[in-house]
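Q: based on what follows, work out the 3D shape:
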Amino acid sequence: MAVLLQIRNAYKSYGGQALLDGAEASITDDVKVGFVGRNGAGKSTLLKILLGEEELDRGEVIRHPKLRLGYLRQHDAFLPNETVLDFLMRDSEQPDWRCGEVAAQFELKGAYLEGPVGKLSGGWQTRVKLAALLLHSPNLLLLDEPTNFLDLRTQILLEHFLKNYDQACLIVSHDRSFLAATCDHTLDLSRGKLTMYPGKVDAYQEYQKERRIQDERVNAGVMAKKKHLEEFIAKNKARASTATRAKSKEKQLEKLETIEIPPEEPRVSIRPPQVDPRRGSALRCIEVAIGYPERQIATGIGVEVVHGDRAAIVGDNGQGKTTFLRTIVDSLPAMAGEVRWGHGCSVGIYAQHVYTSLPQTQTVYDFLENTAPGGTKTQEILNGAASMLFRGADLKKKISFLSGGERARLCLAGLMLSQHNILILDEPGNHLDVETVDSLCDALLGYKGTVIFTSHDRYFVQRVATSIIEVRDGRVVNYNGGYESYLYSVNREIEEGERENATRMAKAPAEVLKSKSVSKSAKRSEKDVRKEMNNVEKAIARLDEQRKLANEQFMKVTDSKESLRLHGEVEELTKQLTEAEERWCVLQEELGDNY
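A: Predicted coordinates:
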C-alpha cells in the first residue's frame, strides 16, 4: 500500500475566509474516496491545489514519484469534425481496437464511435472524456461533481466503471447514491479541517451524529462533576479539618475539561408555497407532438398528471425531457395536439440555468421583493430569505457577487414565496449541497400542490416522486412501475451490454489481427501485447467471479423458471470464459514466439 498523495499542515484563505486551516490527509493507492463538504467549503480549491493549478499559502502536498493523476476535464479538447474514435486515438496514442474496447464500456459503439464528437450531447461527450481518461491509465482519478448534468444511464455506466477500476479515486459529489455505490472511504472538509473516515458517506454522517451526542453526554457529566466539586470546596475550604481535602478537590477540578464541540452550522429550512389541495386532472396532453422546426422529438403524447402528484420525468440526455417541459409551460409551441391545464392552475418554474440570468445589479432583498406576489409583507420576505440562509449583510449583497449555489438558493427562495399550486422544476438539485437537497425534499413532501420535475439525483427522485413519466425513443408515456422498477430496468440493460462487451473484449483483438495479417516487420510491440494480456486477464477474473456467483444462485434456487434462466446464464458465462482463456493462450504464444 503506497501513499500517492499526502497533504501536510495545509493553509489556504480567500478573502478572509480560511478554506484550509492546518488540514492534513493522505490518499493511498487502494482506496476510492468520496470528498464531501458544504458549498463554499473549499473542495474544488483543494482539487486545483492537488492538480498544481493553485498553491497553498502554507504547508505542502507530497506526491509519490509514480503518481499519475487523471482529471475529468471540463473543457472540450475536440477538433472540428473529429470522430470519437479519431479523438480517442489522437488523445491517447492507442490503437483503434484498444480505443474501441474502452469506448464500448461507455456504450460508445457504431454511429456514436464513428460519428462527429461535436454533434453529441453534453452527456455523451462526458462519456468520451471518461474513455479518454481511462486510456491514459492514471493511478489516481480526480472527479469534481462528475454526475452534474449526466443522465441516469451515464451515471450508472460511470458507477460500473469505477467499481471495476482497480486504481485510487477522489470524487467530489453531493450525490449520495453515487458516492455510496462507488466509494469505500469518506473525506470531509469542514471549518478548514480534513477528516478521513474509513467507511461510506452514510456511515460517516451517522458517525458524526453519534459522536456529537456522545460528546454532549460527556460534557454534561463533566459539568455535573464540576458543580459537585465546586460545592464541596465552597463548604469545606474554610475549615481546618477539611481544608486538605478541599485542596485536593481543587486539583481534581483543575484537571476536568470539556470537549470542544463546534456550533452546528446553519441549515437551510425551505418552506413551500401555502396552497389549498385540489382534485382532478392538473395536466393532460392530447396527441401532442414536440420538437423544433428542423426536427421532431416525440409524437402521440397522451400523458396525464393529477393534482397532488409529484411526477418525475426520466430518460437519457438528448431524448427530450427539457423539450417536453418547455412545451407544457408554453415556452415552446407544441407541433401538434393540445396541452391542457386544469382550471385554476398557477404554474411556477425553476429552470436548469435560471440562476445564470439573474439581474446582476439587484441585491438579494431587491430580487425577492420584486419576485414575491404583490402585498407580501416585509417580514415574510425576510423569513423566506432567512430560510435560505440570507440574513443580515447577505440581504444587501449584489447578485453578481453570489456563488452558483447561492444563486440557486435565491431562485428557490423566490419560487417558494409564490402562491403557485403547480411547480415545474428542471434539475433543482444541481449546485445544492446535501443539506439543502434534504430540505427541498422535505418542503416538496409537505407541499399541497402538484410537482413536475426532472432530476438526475436518484436520492432526490426516490424521496420525492409519486409517479414516473418516461421520455424515450420518440415517446413520452406514463411509466407503469415506480422509480425502483425504472432503476432496475436501466441497470439490467447496462449489465446485458457489459456481458456482450466482455465477449467482444475477448474476441475483438484476435479478429483485428487476423484481418490485418500482421507481418513480422509490422508486428505489435511487446508493450501492446502485454497490455492486451492484462486486459484479457481482467476479463477472465471478472467472468470467473460472475460464473461462480451465478452457479451458487443456481444451486440454491427452487423456482423452475429462475433455475432455467440461471442455468443459461452459467452456460453463457462458461462459453465467454473459455473464449477469453483461449485468447490469453494465443497472446502467450505470440509473446513467446516473437520476444
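Q: strands of the stretch 351-500 of the chain, start to end?
A: In the stretch 351-500 of the chain, the strands defined using DSSP state E, counting those that start in this stretch lie at 422-426, 450-454, 467-472, 475-478.
Q: nearest to residue 139, of these?
A: strand 450-454 (36.3 Å; C-beta to C-beta). (C-beta placed from N, C-alpha, C; glycine too.)
Q: partner strands of the closest one and their direction?
A: Using DSSP bridges, the strands paired with strand 450-454 are strand 310-314 (parallel), strand 422-426 (parallel).
Q: dump those strands into a markdown table; add distance to residue 435, mean neighbour count and mean pLDDT as well.
A: Converted to a markdown table, the strands paired with strand 450-454 look like this (distance: least, C-beta to C-beta, whole Å; neighbours: other C-beta atoms under 10 Å; pLDDT from 0 to 100):
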| stretch | distance to residue 435 | mean neighbour count | mean pLDDT |
| --- | --- | --- | --- |
| strand 310-314 | 21 | 24 | 95 |
| strand 422-426 | 18 | 24 | 93 |
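Q: in TSV: these, plus distance to residue 232.
A: Converted to TSV, the strands paired with strand 450-454 look like this (distance: least, C-beta to C-beta, whole Å):
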stretch	distance to residue 232
strand 310-314	61
strand 422-426	62
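Q: so which of the strands of the stretch 351-500 of the chain gets nearest residue 547?
A: strand 467-472 (32.4 Å).
Q: ok, residues contacting the closest one?
A: Residues from elsewhere that reach strand 467-472, judged by C-beta atoms under 8 Å, 6 or more residues apart in numbering: 298, 303, 305, 309-316, 319-321, 324, 476-479, 481-483, 486.
Q: now stretch 252-271
A: Stretch 252-271 has contacts (C-beta under 8 Å, 6+ apart) with 38, 190-191, 212, 215-216, 218-219, 222-223, 225-226, 229-230, 233, 383-384, 387-389, 409, 412, 416, 435-436, 439-440, 442-443.
Q: can you give me the end-to-end distance of it?
A: This stretch, stretch 252-271, spans 50 Å end to end (C-alpha to C-alpha, to the nearest Å).
Q: tell me the mean pLDDT over it?
A: Across stretch 252-271, the average pLDDT comes to 84.
Q: chain center to it, what's the gap?
A: How far stretch 252-271 lies from its chain's middle: 30 Å, per C-alpha atoms, centre = their mean, to the nearest Å.
Q: isn't residue 449 up against residue 273?
A: Yes: shown here, residue 449 and residue 273 form a contact pair, counting by C-beta atoms under 8 Å, at 6.8 Å.
Q: can you tell me the closest non-neighbouring residue to the residue most central in space within the chain?
A: Centroid check for the chain by C-alpha atoms, centre = their mean gives residue 175 as the closest residue, at 3.6 Å. In this structure, residue 175 finds its nearest non-sequential neighbour in residue 147, 4.8 Å apart by C-beta to C-beta, 6 or more residues apart in numbering.
Q: contacts only, for the one you found.
A: 155, 158, 173, 175, 178, 456-457.
Q: which element is it on?
A: Assigned by DSSP states H and E, residue 147 falls within no helix or strand.
Q: phi, psi of it?
A: phi -90, psi -10 (degrees, to the nearest 10).
Q: please renumber so the chain begins at 56
A: That works, and once the first residue is 56, the last one we named lands at residue 202.
Q: now it: how far from residue 395?
A: 35 Å (C-beta to C-beta, to the nearest Å).
Q: would you turn the strands of the stretch 406-555 of the chain into a markdown table with distance to residue 318?
A: Converted to a markdown table, those look like this (distance: least, C-beta to C-beta, whole Å):
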| stretch | distance to residue 318 |
| --- | --- |
| strand 477-481 | 32 |
| strand 505-509 | 34 |
| strand 522-527 | 41 |
| strand 530-533 | 47 |
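Q: and residue 345, which of the ones you listed is closest to it?
A: strand 530-533 (7.5 Å).
Q: so what strands line up beside that closest one?
A: strand 522-527 (antiparallel).
Q: return the distance of the residue nearest to residue 230 relative to residue 485.
A: Distance from residue 202 to residue 485, by C-beta to C-beta: 10 Å.
Q: quick check: mean pLDDT of the helix or strand where residue 67 lies?
A: Element membership for residue 67, per DSSP H and E: strand 58-69. In this model, strand 58-69 has a mean pLDDT of 91.
Q: pull the residues that contact the helix or strand just after it.
A: Sequence order places strand 72-83 as the next helix or strand after strand 58-69, per DSSP H and E. Strand 72-83 has contacts (C-beta under 8 Å, 6+ apart) with 56-68, 88, 95-97, 100-101, 111, 114, 195, 223, 225, 242, 244, 246-249, 251.
Q: give the buried residues for stretch 174-194.
A: Neighbour-count burial for stretch 174-194, counted by 16 or more other C-beta atoms under 10 Å, picks out 175, 178-190, 193-194.
Q: so where is the chain shaky, pLDDT-wise?
A: 70, 128-131, 204, 407-411, 556-579, 609-623, 647-650 (pLDDT under 70).
Q: how is it divided into domains?
A: Split into domains by automatic domain parsing, the chain comes to 58-259, 336-534, 545-649.
Q: now distance to residue 296 too, for these, in CSV please.
A: Formatted as CSV, the domains of the chain follow (distance: least, C-beta to C-beta, whole Å):
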stretch, distance to residue 296
domain 58-259, 50
domain 336-534, 58
domain 545-649, 77
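Q: out of those, nearest to residue 298?
A: Comparing these under C-beta to C-beta, the one sitting nearest is domain 58-259, at 44.4 Å.
Q: the closest one: end-to-end distance?
A: Rule used - C-alpha to C-alpha; the end-to-end distance of domain 58-259 is 22 Å.
Q: quick one: that domain to chain centroid distance?
A: For domain 58-259, the distance to the chain centre is 11 Å (C-alpha atoms, centre = their mean).
Q: do a quick rundown of the helices in the stretch 56-205 of the chain.
A: Listed in chain order, the helices of the stretch 56-205 of the chain (DSSP state H, counting those that start in this stretch) span 98-106, 139-147, 151-159, 165-169, 177-190.
Q: quick one, which of those is nearest to residue 419?
A: helix 98-106 (23.1 Å).
Q: in that closest one, what's buried?
A: So for helix 98-106, counting by 16+ other C-beta under 10 Å, buried means 98-105.
Q: give me the residues contacting it.
A: With C-beta under 8 Å, 6+ apart as the criterion, helix 98-106 contacts 60, 62, 65, 67, 69, 74-75, 78, 90-92, 109-111, 116, 124, 126, 197, 199, 225, 227, 244.
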